[in-house]
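1. Next one to model:
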Amino acid sequence: MGLLTGKYADGSAPGAGDIRSAPPEWLPGFSRGGAPDKAWLERLDAVREILTSGGRTLAQGALGWLWARSPRTVPIPGFRTVAQVEQNAGALAYGPLTDGQLREVAEILARTKD
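-> Numbering: from 1, shown residues only. The predicted structure follows:
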């Protein structure tokens, strides 16, 4: 929903009528009104260096994290522009995060848990 891409890192919120402006309980990361949840932004900042290692974008790092979690995972990333399609496809060049990176992300997220 854009949170892992850094799209809302500045605290901006999606427009009215967007599901993120009144998120259901099962959709973490956004507060009522659509502003990104501060705790989730802090978690993202904590793992940013790992996700962007080797020249990946945040979105590519998020895809690499998903691929590293299970070889049976097939993420279906969203896109609205040709540039987003190219960025998502570019993640294939980097592949999954390493086992060490996956462990490091898990350790950081465990420390920053609510």
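2. Could you pull up phi and psi at the closest residue in space to Leu3 that isn't next to it in sequence?
-> Spatial nearest neighbour of Leu3, chain neighbours left out: Gly29 (4.6 Å); criterion: Cβ to Cβ, 6 or more residues apart in numbering. Yep, even glycine has a C-beta here, placed from its N, CA and C like the rest. In terms of degrees, to the nearest 10, the main-chain angles of Gly29 are phi 110, psi -20.
3. Could you report the neighbour count for Gly29?
-> The local packing of Gly29 (other Cβ atoms under 10 Å) involves 18 other residues.
4. go on, Val74?
-> 8.
5. Quick check: it is in a helix.
-> No. Secondary structure assignment (DSSP: H, G, I helix; E, B strand; the rest coil) places Val74 in coil, not in a helix.
6. Roughly how far does it sit from Leu63?
-> With distances taken as Cβ to Cβ, to the nearest Å, Val74 is found 11 Å from Leu63.
7. Ok, Trp26 next?
-> 22 Å.
8. Between the two, which has more neighbouring residues?
-> Leu63 (27 against 5).
9. Show me what counts as buried in the helix or strand where the more buried one lies.
-> Secondary-structure assignment from DSSP states H and E places Leu63 in helix 58-69. Neighbour counts over helix 58-69 (16 or more other Cβ atoms under 10 Å) mark 58-68 as buried.
10. How about residues contacting the helix or strand bottoming out on mean pLDDT in the chain?
-> Averaged element by element with mean pLDDT, DSSP states H and E, the chain has its least confident helix or strand at helix 38-51 (a mean of 89). With contact meaning Cβ atoms under 8 Å, 6 or more residues apart in numbering, helix 38-51 is reached by 3-4, 6, 8-9, 11, 28-29, 58, 60-62, 64-65, 97, 101, 104-105, 108-109, 111-112, 114.
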